[in-house]
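Peer 1: Predicted model, plus sequence, below.
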Amino acid sequence: MKKMIHCCFTSHQEVMFRSPQDVGFFLNLLALTSWKYGVDIFADTEMSNHVHLLLFSSDKTESRLSVGPYSKTVIKPGFDRDGSILYSESNQLSDFITALRKRYTWYFTQKYQRDCGGRMGEKYYFSLIIEGNYHMISACSYVLRNGLHHGVSGTSFMYPYSSINDMFIPELGKTERPYQGNRNPDEYHKNRSGHWIKSLSSGNKSTHGLVFPDGYAPITSRNVMKLYLPRYSEWPDDWVMSPSGVFLRPCFEQLRQTELLFVSPGAFEYNMFRKTDEKWLEEQDQDRNGKPAIGISDIEPIHNEDAVKSYLYNERAATFRNCRNDIDLCGIIDRCILPEFKSPSIYQLSRDKRESIKKILMNDFHVSDSQASRCLWL
């Protein structure tokens, strides 16, 4: 049985995305893998060292593993914890996440000559089953506001690596990007009685009802799309890409369903800017499902109480001072600093050289010790 699930996987010791192109390739993999495994994506946010997904998938099921020459079936259950499940068994969700992470790890390893090999990030991932409209609104809001909570953007809408800016586009006046709507304007003609009526148009069928701004040239050729995708990839014929070679979210995400969850653009903006308080937690009691309210500690389950307090502090934009996010900092390292060390990647540098780069970042760019260590794999 499918359920709405919040899923998060992390890589605390090293960043997962070193450039916007890495995020774009990950989104392409997210699209391909979700389509292959029948997982519906409702919202996503890509941080430098972890990913949040709100998706619709099957929950915990039995795992049937082939063991020995007689292919004996073994049952391997997952781990329950206060209504959450740390998946380790083979089912729709774990197969989807495993395939997604493996394909992205291969890409990252090849691009950055990551000779250490192995899995990127922690072995397991966290997931939480979401039940009830108010619970889903809260979970979705926290996922979309993750850049704000981590202090890398002044508002939720400033963070670029999230599906937040693909929702309510015409209503919020962001029509410089493609959005779902009626592509062909209404046409009218006079009928025999002399009344103006709407014409039935048989014009070109739009792709997912997308409206493209003037001058926007999406990639529609499958031969061109292949240049941005892994070999032997398969995808629906009506999907299109941005000019930079990334599948447009309206093609593979259930954005309209997410918009219906918030009902109106006004309610959507309200939830993107509201502060976490007791009232928000109490609202979730209206679902009458007996489930505890979802707060930021449930979206960031592995972080301690002090970290959660800092996220709530950042929610008020109290610490934002045009700080660099990890992806921007990695760009400075890869484009500007590494050429001085005559190395194509930080993974090809000795630890001593990475430590010297760390000192440069902390002294000249005023970044924290933890951020520099993440970006340099220290």
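Peer 2: Good, I have the coordinates. Numbering: from 1, shown residues only.
Peer 1: where along the stretch 201-350 of the chain do the helices fall?
Peer 2: Counting by DSSP state H, counting those that start in this stretch, the segments of the stretch 201-350 of the chain that form helices are 222-225, 249-252, 255-262, 265-273, 278-283, 296-299, 305-315, 326-332.
Peer 1: Please identify the most buried of those.
Peer 2: With neighbours taken as mean count of other C-beta atoms under 10 Å, the helices of the stretch 201-350 of the chain reach their highest mean count in helix 249-252, at a mean of 22. In this view, the C-beta of every residue, glycine as well, is placed from N, C-alpha and C.
Peer 1: What is that helix packed up against?
Peer 2: In this structure, helix 249-252 makes packing contacts with helix 20-37, judged by 3 or more C-beta pairs under 8 Å, 6 or more residues apart in numbering; DSSP states H and E.
Peer 1: Return the distance of the helix it packs on from the chain's centre.
Peer 2: Put simply, helix 20-37 sits 9 Å off its chain's centre (C-alpha atoms, centre = their mean, to the nearest Å).
Peer 1: mind listing what's buried in it?
Peer 2: Using 16 or more other C-beta atoms under 10 Å as the test for burial, helix 20-37 gives 22-35, 37.
Peer 1: on that earlier part again, wait, which of the helices of the stretch 201-350 of the chain is closest to residue 2?
Peer 2: Closest of the helices of the stretch 201-350 of the chain to residue 2 is helix 255-262, at 13.1 Å (criterion: C-beta to C-beta).
Peer 1: list the helices and strands the closest one packs on?
Peer 2: Helix 255-262 is packed against strand 40-46, helix 133-144, helix 265-273, with contacts defined by 3+ C-beta pairs under 8 Å, 6+ apart.
Peer 1: And the closest residue to residue 326 other than its chain neighbours, how close does it get to residue 161?
Peer 2: Taking C-beta to C-beta, 6 or more residues apart in numbering, and ignoring the residues beside it in sequence, residue 326 has residue 48 as its nearest neighbour in space, at 3.2 Å. Noted for residue 48: a distance of 9 Å to residue 161, by C-beta to C-beta, to the nearest Å.
Peer 1: Which neighbours do these two have in common?
Peer 2: Residues touching both residue 48 and residue 161 (C-beta atoms under 8 Å, 6 or more residues apart in numbering): 17, 327.
Peer 1: Could you give the number of residues near residue 167?
Peer 2: Look at residue 167: counted by other C-beta atoms under 10 Å, it has 27 neighbours.
Peer 1: Any chance of the backbone angles for it?
Peer 2: With angles defined as degrees, to the nearest 10, residue 167 shows backbone torsions of phi -120, psi 140.
Peer 1: which residues touch residue 361?
Peer 2: Under the criterion of C-beta under 8 Å, 6+ apart, the neighbours of residue 361 are 329, 333, 367, 372, 375-376.
Peer 1: give me the element it is part of.
Peer 2: helix 351-364 (DSSP states H and E).
Peer 1: need the next SSE after that helix, C-terminal direction.
Peer 2: Toward the C-terminal end, the helix or strand that comes next after helix 351-364 (DSSP H and E) is helix 369-376.
Peer 1: That following helix: which residues count as buried?
Peer 2: Neighbour-count burial for helix 369-376, counted by 16+ other C-beta under 10 Å, picks out 371-376.
Peer 1: Show the pLDDT at residue 126.
Peer 2: If you check residue 126, the pLDDT there is 86.
Peer 1: now do the one 3 residues further on
Peer 2: Looking at residue 129, its pLDDT is 89.
Peer 1: Correct me if wrong, but it is in a strand.
Peer 2: Yes: Residue 129: assigned to a strand according to DSSP: H, G, I helix; E, B strand; the rest coil.
Peer 1: Would you agree it is in contact with residue 4?
Peer 2: Yes: the criterion here is C-beta atoms under 8 Å, and residue 129 meets it with residue 4 at 7.3 Å.
Peer 1: residues touching the nearest residue to residue 244 once chain neighbours are set aside, list them.
Peer 2: Distance criterion C-beta to C-beta, 6+ apart; nearest residue to residue 244, sequence neighbours excluded, is residue 24 at 6.3 Å. Residue 24 is in contact with 228, 244-246, counting by C-beta under 8 Å, 6+ apart.
Peer 1: and the residues you listed, which two are the farthest apart?
Peer 2: Greatest spacing in the contacts of residue 24, by C-beta to C-beta: 228 and 244 (8.5 Å).
Peer 1: Neighbour count: the two, which is higher?
Peer 2: Remark: of residue 228 and residue 244, residue 228 carries more neighbours, 18 against 10, as counted by other C-beta under 10 Å.
Peer 1: any idea how far the more buried one is from residue 39?
Peer 2: Using C-beta to C-beta, residue 228 is found at 21 Å from residue 39.
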